[in-house]
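Participant: only geometry, no sequence info:
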Ligand code: SAH
Ligand code: SF4
Ligand code: F3S
């Protein structure tokens, strides 16, 4: 007989879109009686929500899935979901005999039913794309209690030559503006004040009637919502309308994560990023002109096929020209099935050269972030307190321009706002001291008589 209390454990890899999908999966399973647990040991259902973006991301998951066999009890099932599931499909079932479920990102609606089939001993794969699927009626079970992820767009139509995402997540589609606004209102009612809009090229959002500018303005009118962020935008989709909406919506935070990938126009062309070095820098200038004090972070790939020393120097010089606050840096990883596999093999950059460029890029970014952060000392920031910091004593907060700040305050402050002066920096994160909030401007008193 089945125990009354059925439990599910989900382990999540990859980007915020995957985190958000895990929240949707937990929500739909909670609705049919599953309880989420935070250890795989003995859970009835163990799901690994995977990422396929780079080879090493996949290797990690493969190792972990092997390990999870030890957490299984009789009757437990292990399922692989997300981008690796989509990419490899039934190949996973052949390679891992203890896995009985393989479900791609558009297949989570059938999760309870697929789990039931696996529990009856079947081994199932569900990897069809569904261009209508937004899980609109799902109630996500959110992990974070302070900020909420809102997926507004799924899939990607860009097809950058290095990237597996268009093949693991299918074509681009956006949710209806009204549905997103309704979700944001619910998030405020649940006590959260920050939302992060998610999409692979989130600023190309369109529901057929409304664009991303409309979406930002509509969310800007949601009472009680204090901060709006979004990730990741594509440089080409920053229309004047979108930039104006950002600048004119007070709750849109002064931070943009703007993936550059390379500072060399020749490399960008082979990557099919659809912009040049100059065009990227021009977008940065337009954003900064509209939003003074804007924090800018980016993603950069080194060692893309054909990247020469001179191309790489252009990436370094573009980084310096922008003055990024931070960057995620990656060594190119060839993904099966992507257009990059068709580039002439002689264009491959030797591993030691890639490593050397990578080390130099990381050092450049670190130096740049440090200089920028030192220059901010003494300034004030409003923090949303996100959690108790790792040391267990200080609290960790986030400024509107995306700086991480540690501050001494009572744990009850988590989820609330605190004004601080930036008093110290490690080069990457800050310490801050609480200060009195900036006085709101006084309303003039109506004159008597
Ligand atoms: N949609 C987002 C990026 C999603 S993937 C965008 O367009 O910006 C996150 C980052 O992983 C990318 O920005 C890129 O820098 C990196 N990446 C993607 N594919 C990669 C590959 N094959 N090798 C190395 N890095 C890769
Ligand atoms: Fe990948 Fe390019 Fe789409 Fe981003 S825009 S998900 S990098 S194909
Ligand atoms: Fe990875 Fe899929 Fe996100 S490949 S980065 S989990 S969209």
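Facilitator: Alright, I've got the coordinates. Please read these numbers as outputs of a predicted model, since none were measured by experiment. Ligands and ions are numbered 1, 2, ... in the order given.

Participant: Relative to residue 287, how far out is the residue in the stretch 201-350 of the chain that ligand 2 sits nearest to?
Facilitator: For the stretch 201-350 of the chain and ligand 2, the shortest gap (C-beta to the nearest ligand atom) falls at residue 201, measuring 5.0 Å. Just so you know, the C-beta spots here come from the backbone N, C-alpha and C atoms, and that holds for glycine as well. Using C-beta to C-beta, to the nearest Å, residue 201 is found at 16 Å from residue 287.

Participant: surely the residue of the stretch 201-350 of the chain closest to ligand 2 meets residue 158?
Facilitator: Yes. Counting by C-beta atoms under 8 Å, residue 201 touches residue 158, with 6.0 Å between them.

Participant: And the closest residue in space to residue 23 that isn't next to it in sequence, how close does it get to residue 409?
Facilitator: Sequence neighbours aside, residue 140 is the residue nearest to residue 23 in space, at 3.9 Å (criterion: C-beta to C-beta, 6 or more residues apart in numbering). Using C-beta to C-beta, residue 140 is found at 29 Å from residue 409.

Participant: So between the two, which is more surrounded?
Facilitator: residue 140 (23 against 18; other C-beta atoms under 10 Å).

Participant: hang on, that one packs against residue 29?
Facilitator: No. Counting by C-beta under 8 Å, residue 140 stays clear of residue 29, with 11.4 Å between them.

Participant: which residues touch the closest residue to ligand 3 within the stretch 301-449 of the chain?
Facilitator: Relative to ligand 3, the nearest point of the stretch 301-449 of the chain is residue 335 (9.1 Å; C-beta to the nearest ligand atom). Shown in contact with residue 335 (C-beta atoms under 8 Å, 6 or more residues apart in numbering): 52, 53, 54, 55, 162, 163, 164, 341.

Participant: So for the closest residue to the first one other than its chain neighbours, what's the pLDDT?
Facilitator: This means residue 52. Distances taken as C-beta to C-beta, 6+ apart put residue 83 closest to residue 52, at 4.0 Å, once the chain neighbours are dropped. At residue 83, the model reports a pLDDT of 98.

Participant: now residue 83: how far from residue 283?
Facilitator: Distance, residue 83 to residue 283, using C-beta to C-beta: 28 Å.

Participant: Pick out whichever of those two has more residues nearby.
Facilitator: residue 83 (28 against 21).

Participant: where does that one fall, phi/psi-wise?
Facilitator: In this entry, residue 83 is assigned phi and psi values of phi -70, psi -30 (degrees, to the nearest 10).

Participant: so it touches residue 169, yeah?
Facilitator: Yes. Using C-beta under 8 Å, residue 83 makes contact with residue 169 at a distance of 6.9 Å.

Participant: what touches both of these two?
Facilitator: Jointly contacting residue 83 and residue 169 under the rule C-beta under 8 Å, 6+ apart are residue 105.

Participant: so what's residue 106 closest to, chain neighbours aside?
Facilitator: Closest to residue 106 by C-beta to C-beta, 6+ apart is residue 130, at 4.3 Å.

Participant: Tell me who's in contact with the one you found.
Facilitator: Counting by C-beta under 8 Å, 6+ apart, residue 130 touches 106, 107, 109.

Participant: right, and the second one touches residue 127 too?
Facilitator: So the one you mean is residue 107. Yes. Using C-beta under 8 Å, residue 107 is in contact with residue 127, at 6.7 Å.

Participant: okay, the two: which has more neighbours?
Facilitator: Neighbours were counted for residue 107 and for residue 127 using other C-beta under 10 Å; residue 107 has more, 22 against 17.

Participant: now that we're looking at that one, how far away is residue 173 from it?
Facilitator: From residue 107 across to residue 173, the span is 15 Å (C-beta to C-beta).

Participant: Also residue 327?
Facilitator: Counting by C-beta to C-beta, the gap from residue 327 to residue 173 is 29 Å.

Participant: quick one, which of the two is more surrounded?
Facilitator: Legend: neighbour count by other C-beta under 10 Å for residue 327 and residue 173, higher for residue 327 (23 against 18).

Participant: doesn't that one fall inside a strand?
Facilitator: Yes. With DSSP: H, G, I helix; E, B strand; the rest coil as the criterion, residue 327 is assigned to a strand.

Participant: wait, what's in contact with it?
Facilitator: Residue 327 is in contact with 297, 298, 299, 300, 319, 361, 365, counting by C-beta under 8 Å, 6+ apart.

Participant: can you check residue 324 too?
Facilitator: Neighbour list for residue 324: 296, 297, 298, 365, 368, 369 [criterion: C-beta under 8 Å, 6+ apart].

Participant: Using the three-state scheme, assign it.
Facilitator: When classified by three-state DSSP, residue 324 comes out as coil.

Participant: On the pLDDT front, check it for me.
Facilitator: Looking at residue 324, the pLDDT reads 97.

Participant: How about residue 439?
Facilitator: Looking at residue 439, its pLDDT is 60.

Participant: where along the stretch 101-250 of the chain do the strands fall?
Facilitator: For the stretch 101-250 of the chain, the strands defined by DSSP state E, counting those that start in this stretch cover 124-126, 147-151, 153-154, 173-174, 194-198, 227-231.

Participant: Hmm, I typed the wrong one, I wanted the stretch 301-449 of the chain.
Facilitator: Going by DSSP E, counting those that start in this stretch, the stretch 301-449 of the chain shows strands at 326-331, 380-388, 395-399, 404-407, 417-425, 430-434.

Participant: could I get the ones you listed as TSV with distance to ligand 1?
Facilitator: Output for the strands of the stretch 301-449 of the chain, formatted as TSV (distance: least, C-beta to the nearest ligand atom, whole Å):
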stretch	distance to ligand 1
strand 326-331	4
strand 380-388	22
strand 395-399	21
strand 404-407	20
strand 417-425	26
strand 430-434	26
